[in-house]
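A.B. asks: Model the following, please.
(2 chains)
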Amino acid sequence: MTADTWTAIRLTAELAGLSTLLLLLVGTPLAWWLARTRSAWKPLFASLVAMPLVLPPTVLGFYLLMLMGPHGPVGQLTQSLGLGRLPFTFAGLVVGSVLYSMPFVVQPLQQAFEAIPERLLEAASTLRASPWDRFVSVALPLARPGFVTASVLGFAHTVGEFGVVLMIGGNIPGQTRVLSVAIYDHVEAAEFDQAHRLAAGMVAFALIVLVTLYITNRPPRDDAEIAR
Amino acid sequence: MKMKTQGLLALIVAACAALSPNAHADEVSVAVAANFAGPLAKIAEGFTAASGHTLKVSAGSTGKFYSQIVSGAPFEVLIAADDETPRKLIAEGFGVAGSNHTYAIGKLVLWSAQPGYVDDQGAVLATGTFAHLAIANPKLAPYGQAANAVLKARGLTDAVAPRLVTAESIAQAYQFVASGNAELGFVALSQVAVPGKPVTGSYWLVPPSLYGEIRQDAVLLKTGEKNPAATALLAYLKSPAARSVIQAYGYGP
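C.D. replies: Predicted coordinates for the structure are as follows:
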């Protein structure tokens, strides 16, 4: 493996790791709200979260390029804050990945929170647990499988991201040339040996990750105990 | 009854022949280097009017088309941005020997969407405070190779490297600059100097001595050998009508 390949692997891991971390921070309160709210706005927000599932990545890539560019509102904001512009930077890819992988983190969390029986939280409440205490001591431990699924899917989906990166990344080694783009580059240049090596690695990675996920998240036998 | 059907059939055939300008109108599938997509669209108008044949065009980088054709893509004509790829395709048995010819000499420009940003010597490359310089992928696009050669000739390869944005074709390089996301970019003159449209921004016409010559060849592919529309298109590229369009877009003879 060449130095370029290692750079692409490290970069991809950093992008996926950071995006997943940010997604858990943003996604947990959002998923909690979606799971518990009776607001009329719920369908709208749930739809916005799910949008990347149905939109082509080119739509997201196009709008990000326009919004984050020198004439876009986000671009003008980042420039006036002295941060420069986001397209063709690692930070820009993080922004794109967080948006693009959002449903893969929020939806498993929301399902996990929804599965927690209301009675358990009420019981904790009668024991004088504060709302924060109820969330940390009751909801979070019960939602553990949801967090595992959300983290794994968020990470893996960011590793598998391609279209958005191709449109806003600019293919810069060490900054935006992630594995999926490196593979595309090799294929387009008919460098099939290098493409094979990376692509086979990705297939193995995806399989290992998913098998691990399904083993860890096998439902415990005494599931019924909790509900009773 | 039988006579009646035959008469009707003859009438339909006659009507079809009368309606189409050419009794043998065919469609040709063309892969065109992105820098030549604009001129080709213009040329196609004249070609279709003269011959009745129509074009099905895919635009992209020459290198990408090479690997697609080698993998069995159904293109019948390749209008490349270099002369090496058509030669290679012929040598490897994908192109028709003797069908390759130079239809244009490409011109490289350093372009910015900002008026007055690029000077007529290209000094901005060394002195400019730009954050991003877009080029087409040198592995795939001859114009990208030419851009690299210019940077090397100017001794700027290392200085510019961290600011280099690599587009997958010259069309994406143009888009990066046009949208303002890259302040500067090496693109084709044909993209910037579109006939009948004012030039936006500022550009430096790079002297060919800095990058050699971009000889752009077209080649008939084996898949199109028996398609009269494919051979007609290659012949039409040499016609005075096509030549005048090619020159209007700033290509060399």
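
A.B. asks: low-scoring pLDDT stretches of chain A, where are they?
C.D. replies: Chain A contains residues with pLDDT under 70 at A:219-228.

A.B. asks: interface residues of it facing chain B?
C.D. replies: Selection of chain A residues close to chain B by C-beta under 8 Å from any C-beta of the partner chain yields A:65-66, A:68-71, A:84-85, A:87-88, A:166, A:170-172, A:185, A:187-190. Backbone N, C-alpha and C define where each C-beta goes, glycine included.

A.B. asks: Buried ones only from those, please, as a PyMOL command.
C.D. replies: In PyMOL, the members of those classed as buried (16 or more other C-beta atoms under 10 Å in any protein chain shown) are selected with the following command:
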select buried, chain A and resi 65+66+68+69+70+85+87+88+166+170+171+172+185+187+188+189+190
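
A.B. asks: Surely B:Ile90 and B:Val219 touch.
C.D. replies: Yes: applying C-beta atoms under 8 Å, one finds B:Ile90 in contact with B:Val219, separated by 6.7 Å.

A.B. asks: Look at those two and report which has more neighbours.
C.D. replies: Neighbour count, other C-beta atoms under 10 Å in any protein chain shown: between B:Ile90 and B:Val219, B:Val219 has more, with 26 against 19.

A.B. asks: in the chain, which spans are helices?
C.D. replies: Going with chain A. A:3-36, A:42-54, A:57-68, A:73-80, A:90-114, A:118-126, A:131-134, A:140-142, A:144-159, A:163-168, A:179-188, A:192-216, A:223-227 (DSSP state H).

A.B. asks: try chain B instead
C.D. replies: B:2-19, B:37-51, B:62-70, B:84-91, B:124-127, B:142-153, B:157-160, B:170-178, B:189-192, B:228-236, B:240-248.

A.B. asks: For chain A, which of these is the nearest?
C.D. replies: Proximity to chain A (C-beta to the nearest C-beta) singles out helix B:62-70 among the helices of chain B, at 3.8 Å.

A.B. asks: Other residues contacting that closest one?
C.D. replies: Helix B:62-70 has contacts (C-beta atoms under 8 Å, 6 or more residues apart in numbering or on different chains) with A:187-190, B:31, B:33, B:58, B:73, B:75, B:78, B:80-82, B:85, B:88-89, B:92, B:94, B:137, B:139-142, B:168-169, B:221.

A.B. asks: Return the members of the residues you listed classed as buried.
C.D. replies: Among those, those classed as buried by 16+ other C-beta under 10 Å are A:187-190, B:31, B:33, B:73, B:75, B:78, B:80-82, B:85, B:88-89, B:94, B:137, B:139-142, B:168-169, B:221.

A.B. asks: Could you double-check that B:Ala141 lies in contact with B:Gly60?
C.D. replies: No: between B:Ala141 and B:Gly60 there is no contact under C-beta under 8 Å: 9.1 Å.

A.B. asks: hey, what's in contact with both of the two?
C.D. replies: B:Ala33, B:Ala34, B:Ser169.

A.B. asks: From A:Gly17, how far off is the nearest residue to the first one once chain neighbours are set aside?
C.D. replies: It refers to B:Ala33. In space, and not counting its chain neighbours, B:Ala33 is closest to B:Ala81: 3.5 Å by C-beta to C-beta, 6 or more residues apart in numbering or on different chains. The gap separating B:Ala81 from A:Gly17 is 40 Å, by C-beta to C-beta, to the nearest Å.

A.B. asks: again, but for A:Ser130
C.D. replies: 32 Å.

A.B. asks: What are the structural domain limits within chain B?
C.D. replies: Per automatic domain parsing, the structural domains of chain B span B:25-105+B:214-248, B:106-210.

A.B. asks: what is the mean pLDDT for the shortest one?
C.D. replies: Mean pLDDT, taken over the full extent of domain B:106-210, equals 94.

A.B. asks: about what we covered before: just want to know which of A:Ser130 and A:Gly17 has more residues nearby.
C.D. replies: A count of neighbours by other C-beta under 10 Å puts A:Gly17 above the other of A:Ser130 and A:Gly17, at 15 against 11.

A.B. asks: For B:Val118, give me phi and psi.
C.D. replies: Here is the backbone geometry of B:Val118 (degrees, to the nearest 10): phi -100, psi 130.

A.B. asks: my guess is it meets B:Trp204, correct?
C.D. replies: Yes: between B:Val118 and B:Trp204 there is a contact under C-beta under 8 Å: 5.1 Å.

A.B. asks: so what's A:Val209 closest to, chain neighbours aside?
C.D. replies: A:Ala156 is the one closest to A:Val209 (C-beta to C-beta, 6+ apart), at 5.2 Å.

A.B. asks: quick one: that neighbour from A:Pro52, how far?
C.D. replies: In terms of C-beta to C-beta, A:Ala156 sits 15 Å off from A:Pro52.

A.B. asks: again with A:Leu23
C.D. replies: From A:Leu23 to A:Pro52 the distance is 12 Å (C-beta to C-beta).

A.B. asks: do B:Thr127 as well
C.D. replies: Distance of B:Thr127 to A:Pro52, given as C-beta to C-beta: 42 Å.

A.B. asks: And for B:Gly252?
C.D. replies: Distance from B:Gly252 to A:Pro52, by C-beta to C-beta: 46 Å.

A.B. asks: So which of these two has more stuff around it?
C.D. replies: A:Pro52 (19 against 16).

A.B. asks: out of everything not next to it in sequence, what's closest to that one?
C.D. replies: A:Tyr100 (5.0 Å).

A.B. asks: I'd guessed the residue nearest to B:Ala33 sits against B:Val32; true?
C.D. replies: No: applying C-beta under 8 Å as the test, B:Ala81 and B:Val32 come out as separate, 9.0 Å apart.

A.B. asks: and the stretch 101-250 of chain B, which residues reach chain A?
C.D. replies: Residues of the stretch 101-250 of chain B lying near chain A (C-beta under 8 Å from any C-beta): B:131-132, B:134, B:137, B:139-140, B:164-168, B:176, B:179-182.

A.B. asks: ok, back up a step: common neighbours of B:Val118 and B:Trp204, please.
C.D. replies: With C-beta under 8 Å, 6+ apart as the test, B:Val118 and B:Trp204 both reach B:Leu110, B:Trp111, B:Val124.

A.B. asks: neighbour-wise, which of these leads?
C.D. replies: Neighbour max across those (other C-beta under 10 Å) = B:Trp111, 30 neighbours.

A.B. asks: What sits closest to it if chain neighbours are left out?
C.D. replies: Using C-beta to C-beta, 6+ apart, the nearest residue to B:Trp111 is B:Tyr203, at 4.2 Å.

A.B. asks: tell me, how many neighbours does that neighbour end up with?
C.D. replies: 24.

A.B. asks: Just checking the distance from stretch B:225-245 to the centre of its chain.
C.D. replies: Its chain's average C-alpha position is 15 Å from that of stretch B:225-245, according to C-alpha atoms, centre = their mean, to the nearest Å.

A.B. asks: Quick check: buried residues in that stretch?
C.D. replies: Under 16+ other C-beta under 10 Å, the buried positions of stretch B:225-245 are B:Asn227, B:Ala229, B:Ala230, B:Thr231, B:Ala232, B:Leu233, B:Leu234, B:Tyr236, B:Leu237, B:Ala242, B:Arg243, B:Val245.

A.B. asks: Repeat that for stretch A:107-123.
C.D. replies: Neighbour-count burial for stretch A:107-123, counted by 16+ other C-beta under 10 Å, picks out A:Gln107, A:Pro108, A:Leu109, A:Gln110, A:Gln111, A:Ala112, A:Phe113, A:Ile116, A:Leu121.

A.B. asks: Many thanks, I have nothing further to ask.
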